[in-house]
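Asker: got a predicted structure here, sequence first:
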Amino acid sequence: MSLLHLPPPSPSRLTSLRNSFSVITLNSLRVSSQRCRFNQSRLTLTPTASLTVDSHSPTTSSGRGSTEEGDSPKVLLEVRDLTAVIAESKAQILKGVNLVIREGEIHAIMGKNGSGKSTFSKVLVGHPDYEVTGGSAIFKGENLLDMDPEERSLFGLFMSFQSPIEIPGVSNMDFLNMAYNARMRKLGRKELGPIEFYEVISRKLDVVNMKIDFLNRNVNEGFSGGERKRNEILQLAVLGADLSVLDEIDSGLDVDALQDVAKAVNGLLTPKNSVLMITHYQRLLDYIRPNYIHIMDDGRIVKTGDISIAKVLEKEGYKAISSA
């Protein structure tokens, strides 16, 4: 995957960036970078994401996802018969995805390479390499597919990409402050200057086990794999989200880094927000326990169950699932 490298901005240029960017969408920047395309007249830096879960998901006994006794958790995202092709070749990748995610739930999508897992997440984000050809995706009662990536982000969607990009010349402090204020504007809340925001962000660093000098470093520049993933979760902690998609957040992490990331994700969960994890391996599910696991194959969700599905996969592989 190619990375976007921006020229280091001068102090005056950075001030201009702060004042001019009414929309800060990291996912938009990530999406653009993956095709080496960047519109400098509109820098978009933020997290967006969309998730989904089987509308016929089995009842969970974990307690997460329930509200007051007798109340049903609200649906955050409902995807029906979603189909999509590669924009350039028109090769069909998604062939009718049906998923629903509700408040307070943790979901995981697993599947072989090429099954459509990451494509599904990119389609929900609005990646230009893919074109939706049918179906629907409703997020908090609104048509997700009609929204730009920036709108999806500011509406409460976050996505952590498998390979976070570098942004040379932009410090984590400036980046996160701009992103935070964009979110606050959307919510009609008070924006924070650098000093006020420093108090906010310094507390968030503890969540991901990062030192304060991290804020002076440029976004993901020279970061290890573990630092990049921690930075993704720090962005989630700062911005907040109703729904977060974590695309192979465990990729390339050693056990200590994985535990730090998992602890941070678990600490951010509430009865009102939800998470969708995309992963190949059960080890992530040992640290972040999902209510539901969905198996994806050939562009569709073909099976939904609980943690026992992952245990079968670990021992017998996907053939055992498909024949069950």
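Answerer: Yep, it's here. Note that the coordinates shown come from a computational prediction; the quantities given were computed from them, not determined experimentally.
Asker: where does the prediction get shaky in this structure?
Answerer: Judged by pLDDT under 70, the chain has its weakly predicted residues at 1-71, 322-324.
Asker: where exactly do the helices run in it?
Answerer: Under the criterion DSSP state H, the chain carries helices at the ranges 11-20, 26-33, 117-125, 149-154, 172-187, 194-207, 225-239, 255-268, 282-287, 307-316, 318-322.
Asker: so which of those is nearest residue 139?
Answerer: Evaluated over those, closeness to residue 139 peaks at helix 149-154, with 7.4 Å, by C-beta to C-beta. Where you see a C-beta, it was placed from the backbone N, CA and C, and this is true even at glycine.
Asker: list the beta-bridge partners for the residue most central in space within the chain.
Answerer: Within the chain, one residue has its C-alpha closest to the average C-alpha position: by C-alpha atoms, centre = their mean, that is residue 159, at 1.8 Å. Beta bridges link residue 159 to residue 245 when assigned by DSSP bridges.
Asker: please look at it and residue 126 and confirm they touch.
Answerer: No. With contact defined as C-beta atoms under 8 Å, residue 159 does not count as touching residue 126 (10.2 Å).
Asker: what sits against the closest residue in space to residue 96 that isn't next to it in sequence?
Answerer: In this structure, residue 96 finds its nearest non-sequential neighbour in residue 81, 5.0 Å apart by C-beta to C-beta, 6 or more residues apart in numbering. Applying C-beta atoms under 8 Å, 6 or more residues apart in numbering, one finds that residue 81 lies in contact with 96-98, 134-136.
Asker: one more time with 10 Å, if that's ok
Answerer: Under the criterion of C-beta atoms under 10 Å, 6 or more residues apart in numbering, the contact partners of residue 81 comprise 94-98, 134-136.
Asker: and the residue nearest to residue 273 when sequence neighbours are not counted, how many neighbours?
Answerer: Using C-beta to C-beta, 6+ apart and skipping the chain neighbours, the partner closest in space to residue 273 is residue 242 (5.4 Å). A count of neighbours around residue 242, defined by other C-beta atoms under 10 Å, yields 21.
Asker: so residue 242 versus residue 270, what's the distance?
Answerer: When C-beta to C-beta, to the nearest Å is applied, the distance between residue 242 and residue 270 equals 10 Å.
Asker: overlap in contacts, those two.
Answerer: Shared contacts of residue 242 and residue 270 (C-beta under 10 Å, 6+ apart): residue 103.
Asker: now for the contacts of residue 81: which two are most distant?
Answerer: Comparing all pairs in those by C-beta to C-beta, the longest separation belongs to 95 and 136, at 15.2 Å.
Asker: higher neighbour count, these two?
Answerer: More neighbours surround residue 95 than the other of residue 95 and residue 136, with 17 against 13 (other C-beta under 10 Å).
Asker: got a list of what that one touches?
Answerer: Residues touching residue 95, when contacts are defined by C-beta under 10 Å, 6+ apart, comprise 81-85, 116, 133-134, 297-300.
Asker: just checking, the residue nearest to the centre of the chain touches residue 239?
Answerer: No. Taking C-beta atoms under 10 Å as the contact criterion, residue 159 and residue 239 are not neighbours in contact, 11.4 Å apart.
Asker: how about residue 134: what's its closest non-neighbour residue?
Answerer: Spatially, and ignoring its direct neighbours in sequence, residue 134 is nearest to residue 83 (4.2 Å; C-beta to C-beta, 6+ apart).
Asker: equivalent analysis for residue 251, please.
Answerer: For residue 251, the closest residue by C-beta to C-beta, 6+ apart turns out to be residue 162, at 5.7 Å.
Asker: who's in contact with residue 311?
Answerer: When contacts are counted by C-beta under 10 Å, 6+ apart, residue 311 touches 282, 285, 293.
Asker: change it to 8 Å
Answerer: With C-beta under 8 Å, 6+ apart as the criterion, the residues that contact residue 311 are residue 282.
Asker: and it, how far is that from residue 268?
Answerer: To residue 268, residue 311 is 26 Å away according to C-beta to C-beta.
Asker: with residue 94 instead?
Answerer: Residue 94 sits 28 Å away from residue 268, taking C-beta to C-beta as the criterion.
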